[in-house]
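> Sequence plus the predicted model coming up.
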Amino acid sequence: MASYLQIADDEKGHDLDLFCVPRHYENDLDKVIIPHGLIMDRTERLARDIIRDMGGHHIVALCVLKGGYKFFADLLDYIKALNQNSDKSVPLTVDFIRVKSYCNDQSTNSVKVIGGDELSNLSGKNVLIVEDIVETGRTMQTLLSLLSECNPKMVKVVSLLVKRTPRSSGYRPDYIGFEVPDSFLVGYALDYNEYFRDLSHICILNDQAKEKYKV
Ligand code: IMP
Ligand code: MG
């Protein structure tokens, strides 16, 4: 079982005033729940755990866009640092896939895969799927079943966040940064209808903002 940093349901978080938050979002957020620095520290450790398990063979890191892009970039920087500062190293290549399953703050039943390279390139490779958040688990299960048709050598999934929710299918990623309460979270590339990707910290969205940015 993957270990993770647990954010409790009664976690009070931190006042926005204690951190730098863009002016245009000040009235939209309740609390800072995971400050950027803590995300980075946890990501550094995930990089070490991943290299320990997957470091024997060429890794293809597959970024699940758009929400995964910040975590992907920072995780790969830490993996690169390990690669260039130790006696053993492995080639690392990247690929991108776009998946959409959300409208407003609701997961929809259809998981759409848009764009990305030919998945057949992943045949025989060690693939690391990099995701921002697992909620029901449906997105990841869909992706995993698509991938398995391409016969990769190994597939591991790292998700920065996993939500504790009764809507979960029971799916758990191989590596988890944080387990979080069942609230809608934004920031660090997690969005609400495309807003809040330009926010460094992971924050809880307030109800007023859910209305304001509704489509
Ligand atoms: P799942 O298929 O229900 O596991 O949902 C996974 C996808 O829904 C994630 O990759 C996110 O893009 C999106 N998502 C789920 N919860 C949140 C959230 O709290 N904030 C932002 N996006 C979310
Ligand atoms: Mg995502």
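Yep, that arrived. Ligands and ions are numbered 1, 2, ... in the order given.

> At the geometric centre of the protein, which residue sits there?
Residue closest to the mean C-alpha point of the chain, counted by Cα atoms, centre = their mean, is Asp132 at 1.4 Å.

> Could you report the pLDDT at that residue?
Note on Asp132: pLDDT of 97.

> close to ligand 1, is stretch 201-209?
No: Stretch 201-209 lies apart from ligand 1 when judged by Cβ under 6 Å from any ligand atom; the minimum separation is 7.9 Å. In this view, the C-beta of every residue, glycine as well, is placed from N, C-alpha and C.

> Residues contacting that stretch, please?
For stretch 201-209, contacts defined as Cβ atoms under 8 Å, 6 or more residues apart in numbering pick out 13, 16, 19, 21, 27-36, 39, 105, 161, 183-188, 190, 192, 196.

> could you redo the last one with a cut-off of 6 Å?
Residues from elsewhere that reach stretch 201-209 (Cβ atoms under 6 Å, 6 or more residues apart in numbering): 19, 28-36, 183-188, 192.

> for stretch 15-28, same thing?
29, 32, 199, 201, 209.

> Neighbours of Leu38, how many?
By the criterion of other Cβ atoms under 10 Å, Leu38 has 17 neighbours.

> in what helix or strand does it lie?
helix 36-54 (DSSP states H and E).

> any idea which helix or strand comes after the lowest-mean-pLDDT helix or strand in the chain?
Least confident helix or strand of the chain, by mean pLDDT, DSSP states H and E, is strand 106-114 with a mean of 70. For strand 106-114, the following helix or strand on the C-terminal side (DSSP H and E) is strand 126-134.

> That concludes my questions; thank you for your assistance.
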